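Colleague: Just the structure for this:
(one chain, ligands or ions: 1)
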Amino acid sequence: MENAVCEVCKTGRRENKFIIETFNIDGRYVIIENVPVEICSYCGEETFSVETTGQLRKMPDGKVNESQHIEAELFHYKKVS
Ligand SMILES: [Zn+2]
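Modeller: Presented below is the predicted three-dimensional model:
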C-alpha cells in the first residue's frame, strides 16, 4: 500500500515514523518517546492520527505507569551572536 500524498505540500508522501515529542500540559513538561506519527518526506509536516492524539491526552494523567523521571534543561529560544 502506498502512503498518502501530503495535503500541505501536495508533493511528498507521508511516512510512518516514531518520534520523541515534548508536550506542555498545564505547565508540566512531558516527554513521550516512540510516538507514532506520519511525517511528510518533502515538507516535514507531522500528523498524528486521531487514535494517537487520544492516547497522548490520556497518558500523562497517570493512566500509564511506565514513566521515568529524567533531568532536562529547558531553554527559551534566543539568538546567540
Ligand atoms: Zn508535505
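Colleague: Tell me which helix or strand in this protein has the weakest average pLDDT.
Modeller: helix 50-58 (a mean of 87; mean pLDDT, DSSP states H and E).
Colleague: how about it: buried residues?
Modeller: Neighbour counts over helix 50-58 (16 or more other CB atoms under 10 Å) mark 55-56 as buried. Bear in mind the C-beta positions are built from the backbone N, C-alpha and C, glycine included.
Colleague: Regarding Tyr77, what is its secondary structure?
Modeller: Secondary structure assignment for Tyr77 (DSSP: H, G, I helix; E, B strand; the rest coil): coil.
Colleague: Just give me the neighbour total for it.
Modeller: 5 (other CB atoms under 10 Å).
Colleague: Provide a list of residues in contact with the spatially most central residue of the chain.
Modeller: When CA atoms, centre = their mean is applied to the chain, the residue found nearest the centroid is Glu21 (3.9 Å). Counting by CB atoms under 8 Å, 6 or more residues apart in numbering, Glu21 makes contact with 31-33, 35, 37, 56.
Colleague: change it to 10 Å
Modeller: 30-35, 37, 46, 48, 52, 56 (CB atoms under 10 Å, 6 or more residues apart in numbering).
Colleague: Likewise for Glu7?
Modeller: With CB under 10 Å, 6+ apart, Glu7 has these contacts: 14, 40, 45, 47.
Colleague: What about the spatially closest residue to the third one that is not a sequence neighbour, how many residues nearby?
Modeller: In other words, Glu45. Distance criterion CB to CB, 6 or more residues apart in numbering; nearest residue to Glu45, sequence neighbours excluded, is Val8 at 4.5 Å. Val8 is flanked by 14 other residues according to other CB under 10 Å.
Colleague: Remind me which helix or strand Val8 belongs to.
Modeller: According to DSSP states H and E, Val8 maps onto no helix or strand at all.
Colleague: shift numbering so it begins at 18
Modeller: Sounds good: first residue 18 from here, last item Val25.
Colleague: so what's it up against?
Modeller: Neighbouring residues of Val25 by CB under 10 Å, 6+ apart: 31, 57, 59-62, 64.
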